[in-house]
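Engineer: Here is my input; please provide its structure:
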Amino acid sequence: MSNVPSRSHGRKSIGPSLKPRDLIGGDDRLVRAWQAQVITLLPNAFPGVLGESLTGTALREGRWQLHPVDLRGFGEGRHRNVDDTPAGGGAGMVLRADVMGRAIDTARETMPKDAPLIYLSPRGRRFDQARARALAAGPGVTLICGRFEGLDQRVIDHYDIEELSLGDFVLSGGEIAAQAVLDACVRLLPGVLGNAQSTVEESFSDGLLEHPQYTRPAEWRGATIPEVLTSGDHGAVDRWRREQSEGLTRARRPDLWQARGGQD
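Structural biologist: Model prediction:
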């Protein structure tokens, strides 16, 4: 683990851990680091892939911090029960309002007041690049990972929780979705990507899918790189890439194309 760079004045000189912490026991937080909380029944699932590559390096450098909150610790009774049968009958179990409420109240005590509270849910608004940029521009986020049949609606209403979905499919729980949301946000934080221009040119940044990419070798199994990309004419390259992005978006994501005011 590397320590926080000495040039970051006003920050506690500690190294962030890549292992889940017990939020209830307290922890040191880096000033100005982007804060991510995840309320989950599977705290050991974190950091998972977030501890690798760019997001893992940023975590070790203290550009962001990850705080898994074990929902089981707030459970009822000797067995720490967190769920119960659905009111009105039906299959499965529902996460209890009192248990989740205690977890949220405790977790939020250590988060900035303006950090949003988000529940990963298949019925939520679809997560997109614009929402990732907005979250990355803030102080952090608290994510709630659902399990079983979901979360008691009273909790969602009481805390005015935002619901986000990765798409029109159902997962076993919110942990994979939470990691995807955090990855999308962390890579947008200052200094995480070596080339900041990458976030400007990639898919969805301007409402278009990204153009095709090529690299060495110049010829591979009879296929060559488009001549315009090796012409040295930067204007022509930019026009070609724009045309490719527009064509791909029109063909593969007509919803995005129409949202930009494009005509078929």
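
Engineer: how about the strands in the stretch 101-250 of the chain?
Structural biologist: All strands of the stretch 101-250 of the chain, identified by DSSP state E, counting those that start in this stretch, fall at 117-126, 140-145, 162-165, 219-220, 223-224.

Engineer: looking at those strands, which is closest to residue 182?
Structural biologist: Between residue 182 and these, the tightest spacing by CB to CB is seen for strand 140-145, at 7.4 Å. Backbone N, C-alpha and C define where each C-beta goes, glycine included.

Engineer: Just want the angle from that closest one to strand 117-126.
Structural biologist: Taking axes from the mean of the first three to the mean of the last three CA atoms, to 10 degrees, one finds strand 140-145 and strand 117-126 inclined to each other by 70 degrees.

Engineer: Check which helices and strands strand 140-145 sits against.
Structural biologist: strand 34-40, helix 97-108, strand 117-126, helix 175-186 (3 or more CB pairs under 8 Å, 6 or more residues apart in numbering; DSSP states H and E).

Engineer: Swap in 7 Å and give it another go.
Structural biologist: In terms of contacts (3 or more CB pairs under 7 Å, 6 or more residues apart in numbering; DSSP states H and E), strand 140-145 is packed against strand 34-40, strand 117-126, helix 175-186.

Engineer: how big is the angle separating it from strand 34-40?
Structural biologist: Using the same axes, to 10 degrees: strand 140-145 against strand 34-40 is 10 degrees.

Engineer: Now do the helices in the protein.
Structural biologist: With DSSP state H as the criterion, the chain has helices at 53-60, 97-108, 129-136, 153-158, 175-186, 198-201, 234-252, 254-259.

Engineer: pretty sure residue 180 is touching residue 164, no?
Structural biologist: No - taking contacts as CB atoms under 7 Å, residue 180 lies outside contact range of residue 164: 10.2 Å.

Engineer: Distance across stretch 160-169, terminal residue to terminal residue?
Structural biologist: End-to-end span of stretch 160-169 (CA to CA, to the nearest Å): 24 Å.

Engineer: Poorly predicted segments of the protein, please.
Structural biologist: 1-28, 195-205, 263-264 (pLDDT under 70).

Engineer: do you know how far the residue of the chain positioned farthest from its centre is from residue 190?
Structural biologist: Each residue of the chain has a distance to the centre, and by CA atoms, centre = their mean the biggest one is for residue 222: 39.6 Å. Applying CB to CB, to the nearest Å, the value for residue 222 to residue 190 is 43 Å.

Engineer: And for residue 227, the neighbour number?
Structural biologist: If you count neighbours by other CB atoms under 10 Å, residue 227 ends up with 9.

Engineer: oh, and call the first residue 57 from now on, that's how I've got it
Structural biologist: Got it, the first residue is 57 from now on, which makes the last one we talked about residue 283.

Engineer: most packed of the strands of the stretch 157-306 of the chain?
Structural biologist: Ranked by mean neighbour count under mean count of other CB atoms under 10 Å, those are led by strand 196-201, which reaches a mean of 25.

Engineer: Each with direction, which strands does that strand pair with?
Structural biologist: strand 90-96 (parallel), strand 173-182 (parallel) (DSSP bridges).

Engineer: Quick test: name the residue nearest the centre of this protein.
Structural biologist: Mean-position check on the chain, CA atoms, centre = their mean. Result residue 237 at 1.6 Å.

Engineer: where's residue 289 relative to residue 297, distance?
Structural biologist: In terms of CB to CB, residue 289 sits 12 Å off from residue 297.

Engineer: And those two? Which one has more around it.
Structural biologist: Taking neighbours as other CB under 10 Å, residue 289 and residue 297 compare with residue 297 leading, 18 against 12.

Engineer: Tell me who's in contact with the more buried one.
Structural biologist: Contact analysis of residue 297 by CB atoms under 7 Å, 6 or more residues apart in numbering lists residue 267.

Engineer: And it, how far from residue 165?
Structural biologist: As for residue 297, its distance to residue 165 is 48 Å (criterion: CB to CB).

Engineer: same thing with residue 188?
Structural biologist: Here the criterion is CB to CB. By it, residue 188 lies 26 Å from residue 165.

Engineer: Tell me which of those two has more neighbours.
Structural biologist: Taking neighbours as other CB under 10 Å, residue 188 and residue 165 compare with residue 188 leading, 21 against 9.
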